[in-house]
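> coords please:
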Amino acid sequence: MNTHHLITIKNNFVTELQRANKGQKTSLPFIRHEPASQSLVKDGELFQVLVVGGSISKKALVKKQGKDLRILEVSQKNQSPFKSKEAFLSFIEQGLSDSVTTLSLNLAYPLRPVFNNSKLEGILLSGTKENTFNGLIDKNMCKEIEKHILTKKKRKIQVTAANDTVCLLLSGLTQLPYNQLACGIVGTGVNFAFFLDRYVLVNLEAANFDKFPQTEEGKEIDKNSSLPKRALFEKETSGAYLYKHFNLQLHKKHLPIISIDDTKELTILAQETHSLYSQISRQILYSSSELVATQIAGISEFLNRDLTFVMEGSLFWEGFEYKTHLEQTLSKIHNDKQISFKHIHNSYIVGAAQLACPQI
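As a prediction, this is how the structure comes out:
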């Protein structure tokens with residue numbers, strides 16, 4: 001995409017941010033969020049973190065030790081989409097440790113934050129990335145889990161939860177002040193968050209941005225998705241969908257089909273030197289990185305400050321020339337504010353632990 005078109009998309013994104021900040025309806029949910037301030041666990045107590053969303057789930061036992069948090073027994077496994085309330089609750093039940101009474105959830109789904117006796121909880125606003133969550137939309141996920149575990153296991157636990165991007169942003173507070181921070185996830189899904197001030201952060205649910213031109217492949221993917229006319233930006237940029245762009249382009253160009261079922265395969269194909277498949281793969285990855293750059297630049301211009309983006313997502317960090325091409329795009333469409341990127345080890349777990357035991 002040429003620079004003029006990218007600048008137009010960036011400006012559209014800034015306008016959406018400005019309007020959303022004034023309370024006007026836009027394509028961006030712009031979910032304001034107050035971080036938790038009181039600890040749910042006692043000194044020396046174990047609690048559990050579950051990271052749920054994307055294609056891989058993670059869990060860890062965490063121990064509060066004075067002002068520090070010690071992360072123990074980290075593990076992960078593949079995760080399938082959740083089509084129903086029952087499937088999700090069963091997954092949580094199976095992953096819950098027998099040794100804890102507090103569960104902190106990092107969820108890659110749009111949540112409306114609510115406080116209940118100083119405990120941060122989340123109401124599920126919608127499904128994403130083929131997770132339809134039938135029976136759970138508009139429900140308090142923490143309360144539903146607590147009731148399920150009490151019924152099934154005769155155990156009383158307390159559950160706190162926040163969106164994965166919120167957790168990622170909170171992890172950044174362990175290393176940088178709020179006014180230098182933003183964060184982004186560019187992997188299976190796409191989202192960004194930032195601080196409006198010290199006590200208010202915003203989860204954009206940036207996947208829903210729609211003030212940009214869709215590709216023909218994107219339109220077809222959207223039409224055939226579980227959630228049509230939703231998350232249009234994500235369907236053009238995220239790992240959950242890019243490989244589908246590749247397959248559709250091969251079909252449209254009448255090329256021999258080497259159908260792929262994982263966006264990571266695009267990077268493998270892109271590394272080939274003189275292959276037509278390589279050219280198509282590179283263009284899909286470059287197009288994604290350019291669109292994502294418009295949102296990163298837009299956030300910096302909206303906030304009018306230098307920012308370090310704490311980033312997660314294998315597409316961003318491991319996709320073929322993805323970060324390099326994104327930075328090159330930023331240099332063409334962005335103003336004079338500095339933008340840098342940072343990775344924090346175990347950020348999803350560190351951030352989710354802040355929900356049960358705020359350290360800042």
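> Can you show me the helices along the stretch 201-350 of the chain?
Listed in chain order, the helices of the stretch 201-350 of the chain (DSSP state H, counting those that start in this stretch) span 216-223, 232-237, 242-252, 264-270, 276-303, 314-318, 322-333, 347-356.
> any weak-confidence spans in the stretch 1-150 of the chain?
Flagging of the stretch 1-150 of the chain using pLDDT under 70 yields the residue ranges 54, 129.
> could you pull out the helices for it?
With DSSP H, counting those that start in this stretch as the criterion, the stretch 1-150 of the chain has helices spanning 3-21, 85-95, 141-153.
> among the helices of the stretch 201-350 of the chain, which is nearest V186?
Put simply, out of the helices of the stretch 201-350 of the chain the one that sits nearest V186 is helix 314-318, at 3.8 Å, with distance taken as C-beta to C-beta. (C-beta placed from N, C-alpha, C; glycine too.)
> domain parsing for this structure?
Domains of the chain are assigned by automatic domain parsing as 3-31+176-342, 34-168+347-356.
> about what we covered before: which stretch among the helices of the stretch 1-150 of the chain approaches L276 most closely?
Proximity to L276 (C-beta to C-beta) singles out helix 3-21 among these, at 24.9 Å.
> Centre of the chain to that closest one, how far?
Between the centre of helix 3-21 and the centre of its chain there are 20 Å (C-alpha atoms, centre = their mean, to the nearest Å).
> Could I get the full set of strands for the stretch 101-250 of the chain?
Under the criterion DSSP state E, counting those that start in this stretch, the stretch 101-250 of the chain carries strands at the ranges 102-107, 111-116, 119-124, 158-163, 181-186, 190-197, 200-203.
> got these as JSON lines, with distance to Q175 columns?
Below are the strands of the stretch 101-250 of the chain laid out as JSON lines (distance: least, C-beta to C-beta, whole Å):
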{"stretch": "strand 102-107", "distance to Q175": "18"}
{"stretch": "strand 111-116", "distance to Q175": "23"}
{"stretch": "strand 119-124", "distance to Q175": "22"}
{"stretch": "strand 158-163", "distance to Q175": "19"}
{"stretch": "strand 181-186", "distance to Q175": "9"}
{"stretch": "strand 190-197", "distance to Q175": "14"}
{"stretch": "strand 200-203", "distance to Q175": "16"}
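> so which of these comes closest to A293?
Judged by C-beta to C-beta, the one of these that comes nearest to A293 is strand 181-186, at 10.4 Å.
> and the angle for that closest one with helix 347-356?
What separates the directions of strand 181-186 and helix 347-356 is an angle of 130 degrees, with axes from the mean of the first three to the mean of the last three C-alpha atoms, to 10 degrees.
> Now strand 181-186: average pLDDT?
Averaging the model's pLDDT scores along strand 181-186 yields 97.
> got the buried residues for it?
Using 16 or more other C-beta atoms under 10 Å as the test for burial, strand 181-186 gives L181, A182, C183, G184, I185, V186.
> Surely the first one touches M311?
No. Under the criterion of C-beta atoms under 8 Å, L181 lies out of contact with M311, with a separation of 11.7 Å.
> Relative to A352, how far out is S104?
If you measure S104 against A352 using C-beta to C-beta, to the nearest Å, the figure is 5 Å.
> okay, and the common contacts of the two?
Common neighbours of S104 and A352 (criterion: C-beta atoms under 8 Å, 6 or more residues apart in numbering): V49, L50.
> Would you confirm that K42 contacts K64?
Yes. With contacts counted by C-beta under 8 Å, K42 reaches K64, the gap being 7.1 Å.
> which one of these two has more residues nearby?
For the pair K42 and K64, the greater number of neighbours falls to K64 (22 against 10), based on other C-beta atoms under 10 Å.
> how long is stretch 79-86 end to end?
Using C-alpha to C-alpha, to the nearest Å, the end-to-end distance of stretch 79-86 comes to 15 Å.
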